[in-house]
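Undergrad: sequence-free structure coming up:
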Ligand SMILES: O=c1ccn([C@H]2C[C@H](O)[C@@H](COP(=O)(O)OP(=O)(O)OP(=O)(O)O)O2)c(=O)[nH]1
Ligand SMILES: [Mg+2]
């Protein structure tokens, strides 16, 4: 599927790193390095603008390597990019480690997965169809 994009960044367009990867790695577009102190959160620019077809969304997800090695994650994970959003794609990172972390210009800080989604209409009712699970949840299964 082709997606219209404006790339105002200093970098190449986000790319799939392997032939069947689900996520496109997103790079920070920075004038100078950004430091995230422990528990600090910052909104990072990508200088990318896109036009997703109606019925699609983009999810901004953490990179596991950054999370594992440095405690860097996407605070609002998965971030939601609506198909009608025309603004700059931004990435909200938080440093959950006890060490400061420096993000360099061009560093791959998150990944973006494009997915189909539905939009629903509500049908308000008084009673819901019963099911095997019924109202069980939050660890209700497997108790013999
Ligand atoms: O990680 C993110 C999440 C969102 N957005 C952009 C695209 C999205 O379409 C828009 C709104 O996001 P969301 O609905 O999550 O934010 P909100 O707090 O509900 O703001 P709004 O009232 O603008 O919807 O912000 C990003 O660039 N990065
Ligand atoms: Mg919203």
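TA: Ah, there it is. Since we're looking at a predicted model, the values are computed, not measured. Ligands and ions are numbered 1, 2, ... in the order given.

Undergrad: what is the nearest residue in space to residue 78 that is not next to it in sequence paired to in the beta sheet?
TA: In this structure, residue 78 finds its nearest non-sequential neighbour in residue 59, 3.9 Å apart by CB to CB, 6 or more residues apart in numbering. Any C-beta I mention is one placed from the backbone N, CA and C, and that applies to glycine too. Bridge pairing for residue 59 (DSSP bridges) gives the partners residue 80, residue 113.

Undergrad: same question, residue 94
TA: Applying DSSP bridges, one finds that residue 94 bridges with residue 41, residue 73.

Undergrad: for the helix or strand where residue 50 lies, which outside residues touch it?
TA: When elements are assigned from DSSP states H and E, residue 50 belongs to strand 41-51. Taking contacts as CB atoms under 8 Å, 6 or more residues apart in numbering, the residues outside strand 41-51 that touch it are 3-10, 13-14, 26-30, 34, 36, 58, 75, 81, 83, 86-95, 103, 109.

Undergrad: buried subset of the residues you listed as a PyMOL selection?
TA: Typed into PyMOL, the line below selects the buried ones among the contacts of strand 41-51, using 16 or more other CB atoms under 10 Å:
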select buried, resi 9+14+26+27+28+29+30+34+36+58+81+83+88+89+90+91+92+93+94+95+103+109
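
Undergrad: is it true that residue 82 touches residue 55?
TA: No. With contact defined as CB atoms under 8 Å, residue 82 does not reach residue 55; the gap is 11.2 Å.

Undergrad: picking that back up, residues near the residue nearest to residue 78, how many?
TA: Neighbourhood size, residue 59 [other CB atoms under 10 Å]: 19.

Undergrad: if anything else comes up later, I'll come back, but that's it for now.
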